[in-house]
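Visitor: need a 3D model of the sequence below.
(one chain, ligands or ions: 2)
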Amino acid sequence: MPTVEEHRAAIRDLLAPLAGRKPELWHGTRPPISSAPRVLATDLVSPIDLPPFDNSQMDGYAVRAAEVSPGTSLHVGARIPAGHGVDLLSAGTAAPIMTGAPIPVGADSVIPIEAATPNTFQPEHESALVTFSAPVTAGAYIRPRASDIAAGSVLLPAGTVLGPAQWGVIAASGITEVPLLSQLRVLVLSTGDELTLAGHPIAAGRIYDANGASMATALAGAGARIADVLVVHDYAPLLREVFEHRDREADLILTTGGVSAGAYEVVRDVFEGCGVEFESVTMQPGGPQGAGRAEIGRFSGPVVSFPGNPVSALVSFEMFLRPLLRELHGLPQNRRTWRASLAESLTSPAEKHQIRRGVINTEREVVLVGGPSSHLLHSYAASTVLVHIPVGVSHLDAGDPVEVWSIDD
Ligand code: AMP
Ligand code: MG
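Guide: Ligands and ions are numbered 1, 2, ... in the order given. Coordinates of the predicted model:
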């Protein structure tokens, strides 16, 4: 029986050829809308200054600082709205200027409208005056050109995870081509005669497919692209048929269900003969596991098979795929691990690495949620940590330390 560490190493070797793939060039005027985080493949250089011109930080008056002392009145000049051209500021004039509007030539500072009398913009007329009660220093309330970044500087370095602010600054720079680390395309297969797709009535003895949703979400969180999510019945010709479709191209196949020692183990039956090995890993839940390079139909590549119980599939993903896939996608690891005291005692099969689900209480202790059974998906959904009980441990008391992994992001 392979240990968790041995099976993890086997999957790492299996997926190693998928590393270092050619980056993709994203081209467009809108960021790619995808739930998976994307990573920059090379440095991006800013093609323009940001801001591109000196502009006002406030709604107020553009003035020459040297012309303003307490009690100064100036003629009100033409208004400068955001998005409009730069005029010359005539001597003795204060130009009403809006936030983001370019500073007119000749002006060197802005006085906020709140510090002027009158303190609201008046309807335009030629003889209007505005009075200032305080002096102003040159440069006040001006956002200088290139104060955020200068043209030619590195806007974002290679390896940056592109979140909202990063896509925002790419758009602000007018960039329309971004080299991205490529994503693995993963085909998700839920297997079982009992599985029904959401939205369909549920017949006697049937259940809705949970693993398609949980695995697709987990894969996207690890940076992958979902090629498709399919439900396949426990009938070998149907499973084989999936791989005859050219439009289902994938770099990796992830299956759930059909890998135990029972009858109707369709995944095992189909893949065992074509390069995938099935073993019982010393872990609970998630003991029965499959992994290997398969040649089947039009597909030739790695297959990873998890057991079908929804908790087993999720725990297997955390143990074997999430860290590896995040690494392959250039993403930092997102599971915090630490040691915490148990709030209650527990038992565990000594020959297995048991993984329980739990939450952290106000004393920072681990409270278990639900029992060890692998069908307790709702309990998993209410949990924030995985709790590890290593091989060789059959009993732990309240207060004993355990390793926990965060699962709340
Ligand atoms: P299996 O690994 O195929 O023997 O399935 C083990 C248990 O998990 C059975 O109770 C199945 O009904 C259940 N199961 C398998 N696949 C899924 C799935 N995709 N969604 C929900 N439950 C499943
Ligand atoms: Mg089954």
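Visitor: ranges for the strands of the stretch 151-300 of the chain?
Guide: 154-156, 161-162, 177-180, 185-191, 195-196, 207-208, 225-232, 252-256, 276-280, 283-284, 288-296, 299-306 (DSSP state E, counting those that start in this stretch).
Visitor: helices or strands up against the first one?
Guide: The helices and strands touching strand 154-156, judged by 3 or more Cβ pairs under 8 Å, 6 or more residues apart in numbering; DSSP states H and E, are strand 44-45, helix 164-172. Where C-beta positions appear, they are placed from N, C-alpha and C, glycine not excepted.
Visitor: how about the ones you listed, which one is nearest ligand 1?
Guide: Shortest distance between ligand 1 and the helices and strands packed on strand 154-156, using Cβ to the nearest ligand atom, is found for helix 164-172: 32.8 Å.
Visitor: centre of the chain to the closest one, how far?
Guide: Computed by Cα atoms, centre = their mean, to the nearest Å, the chain-centroid distance of helix 164-172 equals 15 Å.
Visitor: and the contacts of that helix?
Guide: Identification of contacts with helix 164-172 by Cβ atoms under 8 Å, 6 or more residues apart in numbering yields 31, 40, 44, 50, 149, 155-156, 160, 162, 178.
Visitor: may I see the buried residues of that helix?
Guide: 166, 169-170, 172 (16 or more other Cβ atoms under 10 Å).
Visitor: and for stretch 117-124?
Guide: By neighbour count on 16+ other Cβ under 10 Å, the buried set for stretch 117-124 is residue 121.
Visitor: about what we covered before: for ligand 1, which of the strands of the stretch 151-300 of the chain is the nearest?
Guide: When the strands of the stretch 151-300 of the chain are compared by Cβ to the nearest ligand atom, strand 185-191 sits nearest ligand 1, at 3.6 Å.
Visitor: now do that closest one and strand 299-306, the angle between them.
Guide: Put simply, strand 185-191 runs at 50 degrees to strand 299-306, going by axes from the mean of the first three to the mean of the last three Cα atoms, to 10 degrees.
Visitor: close to ligand 1, is strand 185-191?
Guide: Yes - under the criterion of Cβ under 6 Å from any ligand atom, strand 185-191 makes contact with ligand 1 via residue 190.
Visitor: quick check: mean pLDDT across stretch 341-352?
Guide: For stretch 341-352, the mean pLDDT works out to 98.
Visitor: brain fart, stretch 370-381
Guide: Across stretch 370-381, pLDDT averages out at 97.
Visitor: starting at the chain centroid, how far to that stretch?
Guide: Distance, centroid of stretch 370-381 to centroid of chain: 25 Å (Cα atoms, centre = their mean).
Visitor: neighbouring contacts of that stretch?
Guide: 210, 214, 284-286, 307, 309-312, 314-315, 348, 354, 356-357, 369, 382-383.
Visitor: now list the buried members of those residues.
Guide: With burial judged by 16+ other Cβ under 10 Å, the buried subset of those is 210, 214, 284-286, 307, 309-312, 314-315, 348, 354, 356-357, 369, 383.
Visitor: just these: which are in strands?
Guide: Counting by DSSP state E, the part of the buried ones among the contacts of stretch 370-381 found in strands is 284, 354, 356-357.
Visitor: now for residue 28, how many residues are close by?
Guide: 9 (other Cβ atoms under 10 Å).
Visitor: what's near enough to touch it?
Guide: Residue 28 touches residue 176, counting by Cβ under 8 Å, 6+ apart.
Visitor: backbone dihedrals for it, both of them.
Guide: Backbone geometry at residue 28, expressed as degrees, to the nearest 10, gives phi 170, psi -180.
Visitor: got the residue ranges for the helices in the stretch 201-350 of the chain?
Guide: 211-221, 236-242, 266-271, 310-316, 322-328 (DSSP state H, counting those that start in this stretch).
Visitor: so what touches the third one?
Guide: With contact meaning Cβ under 8 Å, 6+ apart, helix 266-271 is reached by 189, 191, 232-236, 239-240, 255, 257-260, 278, 290, 292, 294, 296, 303, 305.
Visitor: find the nearest non-adjacent residue to the residue of the chain found nearest ligand 1, please.
Guide: Using Cβ to the nearest ligand atom, residue 308 is the residue of the chain that sits closest to ligand 1, at 2.5 Å. In this structure, residue 308 finds its nearest non-sequential neighbour in residue 257, 2.9 Å apart by Cβ to Cβ, 6 or more residues apart in numbering.
Visitor: then residue 19?
Guide: Once flanking residues are discounted, residue 19 sits nearest to residue 328: 5.7 Å by Cβ to Cβ, 6+ apart.
Visitor: show me the contacts for the residue of the stretch 101-250 of the chain found nearest ligand 2.
Guide: Closest contact between the stretch 101-250 of the chain and ligand 2, by Cβ to the ion, is at residue 192 (4.0 Å). Residue 192 makes contact with 231, 233-234, 257-258, 308, according to Cβ under 8 Å, 6+ apart.
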